[in-house]
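**Student:** The amino acid sequence is not available; the structure is as follows:
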Ligand SMILES: Nc1ncnc2c1ncn2[C@@H]1O[C@H](COP(=O)(O)OP(=O)(O)OP(=O)(O)O)[C@@H](O)[C@H]1O
């Protein structure tokens, strides 16, 4: 006779859950790892060993587990993990989960792409499950991320792994218009994945918003969230949370500052730095290169690089939003033959999400500020990370290059360093970053400056973008903290201006100013002094349009100023050159000197992509300066004449 397949009713389900929770609690209690130990150093479990209850009051060891199904976690979480394809644990998961599952505070540090997300998503789900958390219990866990895109990604992982649980979860990020709907429902949510600004907004504005029962607080990219840029927001958030809670902090570059940790009232945290003994601070499968590129050659080099990688996925970092806009708009008009996209903090949220999703899917080039530097996974498939502008510090470098070579995949990165920034190379090497240094080969450069000059004449709006890019870049260098690396006085500004296609070098007022960063009423400000003007300017204001704060969630801090100047066209894909039909109509043939080339070596083999712009043998900085100066002079002269002719007609 066929067995009846009737599902157990609710009561039976509840009893089964209660029994499972009792078993998990006893299992966790009986096999707790000793505080201060790293489970990675315990021998791995024998595959044949029985799992869970193995005698009357005896349970299997879970320290030393290598697979998720060997852990004392619920069937629901195990099911979610399995269906999402997660079977074996990564090192940070093996090291931290035994501690976090038994309720301890964690400071977790592991290389980029090593699986830190699951290391906090699993304990969040399990804690609430074991507490039998329900809709009426309200907010049980808060996961904070520094950027909206990362919060979105974390939310997706939470949904996938937690799909069999009954918790309600919400994504609370700035830039979304549905704040009023959010306010109505936020108290019904059990797990909040949010950016600091939006969370604080709810804390300030949502009637009866209640986190008093919070069980687990997670800070992803913890060092960034504890950083000065978020200090005020984070202090305000933490002041409204109960002290009795579990706190999990994760990052590839972790803070050890006692002051920072004191702000979070951590209780005897377990410090788990799983790659501390590793010979490198970056993923093993990541091939890293640095090369000298003078400021006025950066765009030539970047253009040549893109042309040599038309079948790849490239993530390009520039230092400011204006830089991103200019390079994106200009290169888009030059049609390199690969879709181009851009991402920065001044774009509307929906568009940002759209760009992020598209870049996960297709081969393309994404120009970005540091908004994309942390945490983002892009489906593991970024081929190259190109840092056109030097990162502000070693941590920033590690996070940027970490967008490639994720989990077990390979990846490559290249850093353009100006001659005055060579100190950064030393700093990277001191920080255990195996970076190969090579000299650029100008013979293979495809110059783009002349084309930009022509573009600026054809499209006068572009001139404004170029000027803003010029000024904001110099200002970003001027206010960098690390003066050993960044010195605006060492830059040849006229050549730089010409390389952007500008006919005249814009005035640089701030160069006479002394800028000193200091704290006023707990808020970072830059004190600016020059002969004419003496003022104190809030840090965010000075950085407006440009640096880090544009990229974070600013809905609270800058709601009034925030304007979306990302025009619709700014983020649209550019069709590859093969589809361009209007090309013939252009008066200026911008394509002429920059056709796609294949480069072959002496044996007739195609050269690896980087070799088309890099030349390890050449020892000199690759610039015939006289020729270049002559060239710029001529272009400027032509542009002036062109302008005069236009004015006359
Ligand atoms: N146990 C696992 N088995 C298979 N894949 C995994 C496992 N854990 C994580 N991954 C995958 O590895 C990739 C990187 O994971 P994750 O984004 O959590 O890294 P991370 O350490 O947080 O990186 P970052 O420091 O850049 O934020 C993701 O694509 C994720 O799906």
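**Tutor:** Nice, I can see it. All values derive from a computational prediction rather than experimental measurement.
**Student:** make it CA atoms for all contacts and neighbour counts henceforth
**Tutor:** OK.
**Student:** Tell me the secondary structure at the closest residue to the ligand within the stretch 401-550 of the chain.
**Tutor:** In the stretch 401-550 of the chain, the residue that lies nearest the ligand is residue 407 (4.3 Å; C-alpha to the nearest ligand atom). Of the three states, residue 407 takes coil under DSSP: H, G, I helix; E, B strand; the rest coil.
**Student:** Surely residue 330 and residue 450 touch.
**Tutor:** No - counting by C-alpha atoms under 8 Å, residue 330 stays clear of residue 450, with 12.0 Å between them.
**Student:** does residue 437 sit in a helix or strand, and which one?
**Tutor:** Residue 437 belongs to strand 435-440 when assigned by DSSP states H and E.
**Student:** helices or strands up against that strand?
**Tutor:** The contact analysis (3 or more C-alpha pairs under 8 Å, 6 or more residues apart in numbering; DSSP states H and E) places strand 435-440 against strand 286-292, strand 614-615.
**Student:** just checking, next helix/strand downstream of it?
**Tutor:** Sequence-wise, the next helix or strand downstream of strand 435-440 (DSSP H and E) is helix 449-458.
**Student:** Identify each buried residue in that following helix, please.
**Tutor:** Neighbour-count burial for helix 449-458, counted by 16 or more other C-alpha atoms under 10 Å, picks out 449-457.
**Student:** quick check: angle from the following helix or strand past that helix to helix 449-458?
**Tutor:** Per DSSP H and E, the first helix or strand lying C-terminal to helix 449-458 is helix 460-478. Orientation check (axes from the mean of the first three to the mean of the last three C-alpha atoms, to 10 degrees): helix 460-478 against helix 449-458 gives 130 degrees.
**Student:** mind listing what's buried in helix 460-478?
**Tutor:** Buried residues in helix 460-478 (16+ other C-alpha under 10 Å): 462-463, 465-478.
**Student:** Now for those: which two are most distant?
**Tutor:** 462 and 478 (24.2 Å; C-alpha to C-alpha).
**Student:** Lowest average confidence across helices and strands of the protein, where is it?
**Tutor:** Least confident helix or strand of the chain, by mean pLDDT, DSSP states H and E, is helix 548-551 with a mean of 35.
**Student:** Report the separation between residue 166 and the ligand.
**Tutor:** Per C-alpha to the nearest ligand atom, to the nearest Å, residue 166 is found 22 Å from the ligand.
**Student:** any idea how far the one residue in the stretch 251-400 of the chain that gets nearest to the ligand is from residue 503?
**Tutor:** Nearest residue of the stretch 251-400 of the chain to the ligand: residue 375, at 3.2 Å (C-alpha to the nearest ligand atom). From residue 375 over to residue 503 the distance is 40 Å, taken as C-alpha to C-alpha, to the nearest Å.
**Student:** Compare neighbour counts for those two and give me the winner.
**Tutor:** The neighbour count for residue 375 versus residue 503, taken as other C-alpha atoms under 10 Å, is higher for residue 375 (27 against 23).
**Student:** Same list (the helices and strands packed on strand 435-440) but as CSV, adding distance to residue 345.
**Tutor:** Formatted as CSV, these follow (distance: least, C-alpha to C-alpha, whole Å):
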stretch, distance to residue 345
strand 286-292, 27
strand 614-615, 32
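**Student:** per-residue confidence at the nearest residue to residue 437 once chain neighbours are set aside?
**Tutor:** Leaving aside its sequence neighbours, residue 437 sits nearest to residue 290 (C-alpha to C-alpha, 6 or more residues apart in numbering; 4.9 Å). Per-residue confidence (pLDDT) for residue 290: 97.
**Student:** Tell me the bridge partners for residue 290.
**Tutor:** For residue 290, the beta-bridge partners under DSSP bridges are residue 415, residue 437.
**Student:** distance of it from residue 415?
**Tutor:** 4 Å.
**Student:** Which one's more surrounded, the two?
**Tutor:** Taking other C-alpha under 10 Å, residue 290 and residue 415 do not tie; residue 415 has more neighbours (24 against 21).
**Student:** Could you list the contact residues of the stretch 1-150 of the chain toward the ligand?
**Tutor:** Within the stretch 1-150 of the chain, the positions lying close to the ligand (C-alpha under 6 Å from any ligand atom) are 86-90, 111-118.
**Student:** shouldn't the residue of the stretch 251-400 of the chain closest to the ligand be in contact with residue 221?
**Tutor:** Yes - in terms of C-alpha under 8 Å, residue 375 counts as a neighbour of residue 221; the distance is 7.4 Å.
**Student:** Give the helix, strand or coil label for residue 496.
**Tutor:** Of the three states, residue 496 takes helix under three-state DSSP.
**Student:** mind checking pLDDT for it?
**Tutor:** For residue 496, the pLDDT comes out at 95.
**Student:** Name the SS class of the closest residue to residue 310 other than its chain neighbours, please.
**Tutor:** Using C-alpha to C-alpha, 6+ apart and skipping the chain neighbours, the partner closest in space to residue 310 is residue 338 (5.7 Å). For residue 338, the assignment made with three-state DSSP gives coil.
**Student:** Just confirm residue 338 contacts residue 365, I think it does.
**Tutor:** Yes - contact criterion C-alpha under 8 Å: residue 338 and residue 365 qualify, at 7.1 Å.
**Student:** what's across from residue 193 in the sheet?
**Tutor:** residue 143, residue 171.
**Student:** contacting residues around residue 142?
**Tutor:** Counting by C-alpha atoms under 8 Å, 6 or more residues apart in numbering, residue 142 touches 191-194, 214, 216-218.
**Student:** Quick one: name the residues of the stretch 401-550 of the chain near the ligand.
**Tutor:** Counting by C-alpha under 6 Å from any ligand atom, the residues of the stretch 401-550 of the chain lying close to the ligand are 402, 406-407.
**Student:** can I get those residues in a markdown table with neighbour count, pLDDT and distance to residue 181?
**Tutor:** Shown next, in a markdown table, are those (neighbours: other C-alpha atoms under 10 Å; pLDDT from 0 to 100; distance: C-alpha to C-alpha, whole Å):
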| residue | neighbour count | pLDDT | distance to residue 181 |
| --- | --- | --- | --- |
| 402 | 28 | 96 | 36 |
| 406 | 25 | 95 | 37 |
| 407 | 17 | 93 | 37 |
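**Student:** which stretches of this structure have low pLDDT?
**Tutor:** 1-8, 256, 258, 380, 510-640, 642-647, 649 (pLDDT under 70).
**Student:** near the ligand, which residues of the stretch 151-300 of the chain?
**Tutor:** Listed as neighbours of the ligand in the stretch 151-300 of the chain under the rule C-alpha under 6 Å from any ligand atom: 251-252.
**Student:** which residues of the stretch 151-300 of the chain fall in helices?
**Tutor:** Counting by DSSP state H, counting those that start in this stretch, the stretch 151-300 of the chain has helices at residues 179-185, 196-205, 222-225, 231-239, 258-263, 298-307.
**Student:** before we move on, the earlier item: how far off strand 286-292 does the strand holding residue 437 point, in degrees?
**Tutor:** 40 degrees.
**Student:** mind listing what's buried in strand 435-440?
**Tutor:** Under 16+ other C-alpha under 10 Å, the buried positions of strand 435-440 are 435, 437-440.
**Student:** Can you tell me which of the residues you listed lies closest to residue 34?
**Tutor:** So of the buried residues of strand 435-440, ranked by how close each gets to residue 34 (C-alpha to C-alpha), first place is residue 435, at 38.1 Å.
**Student:** residue contacts, the closest one?
**Tutor:** Per C-alpha under 8 Å, 6+ apart, neighbours of residue 435: 287-290, 428-429.
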